[in-house]
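1. Show me how the following folds:
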Amino acid sequence: MKVKDRLSLQFTFMFAVLLLVVLTGIYLFVEHNRVKTFFDKLDGRAVTVGQFYLAEDNLSKENFKNVIKKFPQSLSDETIRIYDDHFKPQFIHEDSIKWDAEILRDVVSQKLVHLSEGKRQITGIYYVDNSGNYIIMVSAIDHNGYHYMHDLGLIMFFFFLASLFITYFMGSVFSRVALMPIVKITSNLKRIRSTSLDLRLPIGQKKKDEIDMLSLTINNLLEHLEQSFESQKSFIANASHELRTPITTILGEAEITLMHERSVDDYKATLSNIIKETERLNYIINSLMELMQTNIANYEFQPIRMDELIWEIKDELSVKGNENSINIKYNLPYDPAKYSLMGNRQLLFIGISNIIKNALKFSDNKEVYCELFCDAKGINVTIRDSGIGIEPKDINMIFQPFFRSSNALYYPGYGIGLSLTNNIVRLHNGVIEVKSELKKGTEFHLIFPNL
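-> Residues are numbered from 1 along each chain as shown. Predicted coordinates:
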């Protein structure tokens with residue numbers, strides 16, 4: 001079933017329930033008023049009967065004439081009975097319709113009693129007169145009232161059915177109009193393929209409703225997909241190039257060496273070059289494997305104190321002669337939990353050390369400042385150098401695999417370290433912010449949500 005048909009049926013069902021409750025309430029209210037009104041008529045009829053039979057000596061001639069006029073105006077299927085205090089019939093002979101003594105006692109005790117037997121309604125009043133006290137029982141059937149209620153029920157039934165048809169039609173129109181933006185989004189999405197990921201869904205300028213938010217979310221997804229596809233293409237192209245270079249060098253060295261007899265020194269030189277290029281190839285392959293593993297592997301996370309991790313990185317790099325080039329500053333709260341992170345120690349070690357190594361490399365081993373502090377955003381690590389800097393147009397591209405800024409080509413490297421670091425930080429739900437000025441230095445700001 002289509003969504004618009006389902007919405008129409010749901011809308012019709014909800015309206016049907018509401019309308020049924022309202023109509024039922026109206027019907028019951030009218031029926032209650034009918035019963036009450038007819039009981040009032042019976043009460044009035046009982047008083048008139050009492051006055052006709054018993055109150056001639058108590059009423060003026062004019063009032064008694066009015067009673068005489070009212071008395072013949074009987075109700076439909078009316079029966080009248082009058083009893084004395086001993087429950088003996090008076091004035092009117094008691095035939096097939098008799099009243100139980102229990103009911104008559106209730107009338108005496110309550111003075112006014114209303115009863116119903118099937119469609120017949122009954123009123124009993126205790127009439128006090130100077131000639132004695134009497135019980136007057138009047139019963140009748142409200143044929144006109146039942147006829148009106150029957151007509152009202154039919155009118156409500158047909159009105160209910162007609163309302164359902166009208167509601168379903170209006171619901172169909174409403175659902176079609178309501179789903180029109182979704183239909184347009186679906187139509188626009190059908191035009192987008194892997195070769196046209198640059199297309200976007202139209203969005204209102206004010207972006208104030210849920211449809212605009214949905215379109216904006218889809219556009220953001222398309223933006224990520226486009227970037228992912230572009231990164232994949234760039235990764236494949238650069239990886240192919242980077243892998244081809246050492247392989248070509250190795251094959252070239254081997255083929256040239258085998259063309260003629262060489263001296264021992266020439267063979268040694270050739271083997272040295274082959275070893276060098278093989279190590280380079282091995283480094284690239286290992287880096288690619290690490291890069292891929294950060295995307296697909298499920299690493300075990302554990303609580304890590306970031307201050308200890310930073311010192312471990314400093315100790316590791318100090319072995320390589322950088323002991324006095326790394327200046328660490330802590331601005332931490334007393335509670336270690338505030339600067340502890342759920343993560344993988346090995347990956348975080350690699351990710352942060354890659355940034356510090358780059359800072360040392362591109363600043364020619366000048367002093368690198370590393371600061372660790374906490375704020376409302378979480379755990380912050382800033383690494384600042386005074387090196388060559390990054391061109392503004394390259395800042396958004398430095399995390400792509402194998403990308404190297406033009407002013408970094410004179411330094412050794414393959415452009416994989418920052419891509420690996422970016423994946424590691426994202427794996428820990430962190431973000432990296434970069435600020436840089438050419439020939440003045442670069443600052444990397446890592447933000448991790450704490451425990």
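
2. By mean pLDDT, which helix or strand of the chain comes out lowest?
-> One helix or strand of the chain scores below all others by mean pLDDT, DSSP states H and E: helix 61-70, with a mean of 71.

3. what packs against that helix?
-> Taking 3 or more Cβ pairs under 8 Å, 6 or more residues apart in numbering; DSSP states H and E as contact, the helices and strands that helix 61-70 lies on are helix 3-54. All C-beta atoms are positioned from the backbone trio N, CA, C, and that covers glycine.

4. Would you mind getting the angle between the helix it packs on and helix 61-70?
-> An angle of 130 degrees separates the directions of helix 3-54 and helix 61-70 when computed by axes from the mean of the first three to the mean of the last three Cα atoms, to 10 degrees.

5. Report the distance from helix 3-54 to the chain centre.
-> In terms of Cα atoms, centre = their mean, to the nearest Å, the centre of helix 3-54 is found 42 Å from the chain centre.

6. Show me where the stretch 301-450 of the chain has its helices.
-> Using DSSP state H, counting those that start in this stretch, the helices of the stretch 301-450 of the chain run over 306-317, 345-362, 417-427.

7. after the least confident helix or strand of the chain comes which helix or strand?
-> As assigned by DSSP states H and E, the chain's next helix or strand after helix 61-70 is strand 79-83.

8. So what are the sheet partners of that next one and their directions?
-> Paired neighbours of strand 79-83 in the sheet (DSSP bridges): strand 89-90 (antiparallel), strand 132-141 (antiparallel).

9. buried sites along stretch 190-206?
-> By neighbour count with 16 or more other Cβ atoms under 10 Å, stretch 190-206 contains the buried residues 192, 197, 200-201.

10. Name the residues that touch it?
-> Counting contacts by Cβ atoms under 8 Å, 6 or more residues apart in numbering, the residues outside stretch 190-206 that touch it are 185, 188-189, 212, 215-216, 218-219, 222, 225-226, 229.

11. In ChimeraX, how would I select just the buried ones from those residues?
-> Of the contacts of stretch 190-206, the buried ones can be selected in ChimeraX as follows, counting by 16+ other Cβ under 10 Å:
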select :185,212,215,218,222,226
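
12. highest average neighbour count across the strands paired with strand 79-83?
-> Of the strands paired with strand 79-83, the one with the most neighbours on average (mean count of other Cβ atoms under 10 Å) is strand 132-141, at a mean of 20.

13. hmm, back to that, quick one: which two of the contacts of stretch 190-206 are the most distant?
-> 212 and 229 (25.4 Å; Cβ to Cβ).

14. which SS class is residue 107?
-> At residue 107, secondary structure determined by DSSP: H, G, I helix; E, B strand; the rest coil is helix.

15. Go ahead and confirm it touches residue 113.
-> Yes. Contact status for residue 107 versus residue 113: in contact at 4.9 Å, counting by Cβ atoms under 8 Å.

16. Next one: the residue nearest to residue 312 when sequence neighbours are not counted from residue 318, what distance?
-> For residue 312, ignoring the flanking residues on the chain, the nearest one in space by Cβ to Cβ, 6 or more residues apart in numbering is residue 349 at 6.6 Å. Taking Cβ to Cβ, to the nearest Å as the criterion, residue 349 is separated from residue 318 by 14 Å.

17. got a list of what residue 164 touches?
-> Residues touching residue 164, when contacts are defined by Cβ under 8 Å, 6+ apart, comprise 12, 15-16.

18. now do residue 116
-> Residue 116 sits next to 35, 122 when contact means Cβ under 8 Å, 6+ apart.

19. Is it possible to get a markdown table of the strands paired with strand 79-83 that adds mean pLDDT?
-> Compiled in a markdown table, these are given as follows (pLDDT from 0 to 100):
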| stretch | mean pLDDT |
| --- | --- |
| strand 89-90 | 84 |
| strand 132-141 | 90 |
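
20. what residues go with each domain of the protein?
-> The chain breaks down by automatic domain parsing into domains covering 3-149, 210-296, 302-448.

21. Let me have the ones you listed in JSON lines, extended by distance to residue 175.
-> As requested, the domains of the chain are exported to JSON lines (distance: least, Cβ to Cβ, whole Å):
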{"stretch": "domain 3-149", "distance to residue 175": "4"}
{"stretch": "domain 210-296", "distance to residue 175": "15"}
{"stretch": "domain 302-448", "distance to residue 175": "40"}
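
22. If you average pLDDT over each of the ones you listed, which is lowest?
-> Lowest mean pLDDT of the domains of the chain: domain 210-296, a mean of 74.

23. State the distance from residue 368 to residue 89.
-> Distance, residue 368 to residue 89, by Cβ to Cβ: 120 Å.

24. no, scratch that, I was asking about residue 246
-> 127 Å.

25. ok so, going back, tell me which of the domains of the chain is the most buried.
-> Among the domains of the chain, ranked by average contacts under mean count of other Cβ under 10 Å, first place goes to domain 302-448 (a mean of 17).

26. And the strands in the stretch 251-400 of the chain?
-> Here the stretch 251-400 of the chain has its strands, by DSSP state E, counting those that start in this stretch, at 302-305, 326-331, 340-343, 368-375, 378-384.
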